[in-house]
Structure formats: C-alpha cells, structure tokens
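A.B. asks: sequence and predicted model, in that order:
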Amino acid sequence: MEERCVVVGVLVENPQKNLLQVYDILNEFREIVKGQITLPGFLEHQTAIALITYATTDEIGALNGKLGRIEQVKVKSVIPK
C-alpha cells in the first residue's frame, strides 16, 4: 500500500482528563508522525493538536480509530488522492 502525507487534526475536550491517553497513542504511532503542533488552551477546556504524518491509509485508519475511541476526542484527517 502506498504511503502519503496526511494531515490529522485532533480536538481534545477536557484535556486534564484525556490528554495523557492521546499522548500515549501518539507515542505508539511515533514512527509515522513527522510533525506535531499542540495548542493548549485552544479554547476554554480544549486542546488542539495538528499532526503531519507519512503513512498508509491503513495506518492512518488505525491511528484515527484509537484516538476516536477516547471520550471527548474528535479526529479528522485530510488524505490526498
């Protein structure tokens, strides 16, 4: 399967409760994450994370799936054709 550059946006509500779980998952996928920008306190009680990844669609799906299972975490990816 072909690897491609994918941008992943993560919005973490109630970061005091959920951010450690998010970082544990990002550490698990550290091989595909090439860049990360974290905006703590993006909005009141929210943290925004932007990831630049280089991976297959299966790997991105696995990352999104794990992050999406965390309560109060929203994930969206931009995958080029």
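C.D. replies: Received, thanks. Numbers count the residues shown, from 1 in each chain.
A.B. asks: pull the longest helix anywhere in the chain out as CSV, backbone CA atoms only.
C.D. replies: Taking DSSP state H as the criterion, the chain has its longest helix at helix 15-28. Written as CSV, here are the backbone C-alpha positions of helix 15-28 (Å, rounded to 0.1, in the frame of the first residue of the first chain):
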residue,chain,number,x,y,z
PRO,A,15,-7.6,17.8,28.4
GLN,A,16,-6.8,17.4,32.1
LYS,A,17,-8.7,14.1,31.8
ASN,A,18,-8.0,12.9,28.3
LEU,A,19,-4.6,14.3,27.1
LEU,A,20,-2.5,11.6,28.6
GLN,A,21,-4.4,8.9,26.7
VAL,A,22,-4.0,10.9,23.5
TYR,A,23,-0.2,11.2,24.0
ASP,A,24,0.1,7.5,24.8
ILE,A,25,-1.5,6.7,21.4
LEU,A,26,0.6,9.3,19.6
ASN,A,27,3.7,7.7,21.1
GLU,A,28,2.6,4.3,19.9
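A.B. asks: touching it from outside, list them.
C.D. replies: Helix 15-28 has contacts (CB atoms under 8 Å, 6 or more residues apart in numbering) with 10, 12, 33, 36, 40, 45-47, 49, 51, 63, 66-67, 70-73. In this view, the C-beta of every residue, glycine as well, is placed from N, C-alpha and C.
A.B. asks: state the pLDDT value of the residue nearest the centre of the chain.
C.D. replies: The geometric centre of the chain, computed from its C-alpha atoms, lies nearest to residue 10 (CA atoms, centre = their mean), at 4.8 Å. At residue 10, the predicted lDDT confidence score is 97.
A.B. asks: that one and residue 73, how far apart?
C.D. replies: When distances are taken as CB to CB, to the nearest Å, residue 10 and residue 73 turn out to be 7 Å apart.
A.B. asks: overlap in contacts of the two?
C.D. replies: Contact with both residue 10 and residue 73 is made by residues 22, 67, according to CB under 8 Å, 6+ apart.
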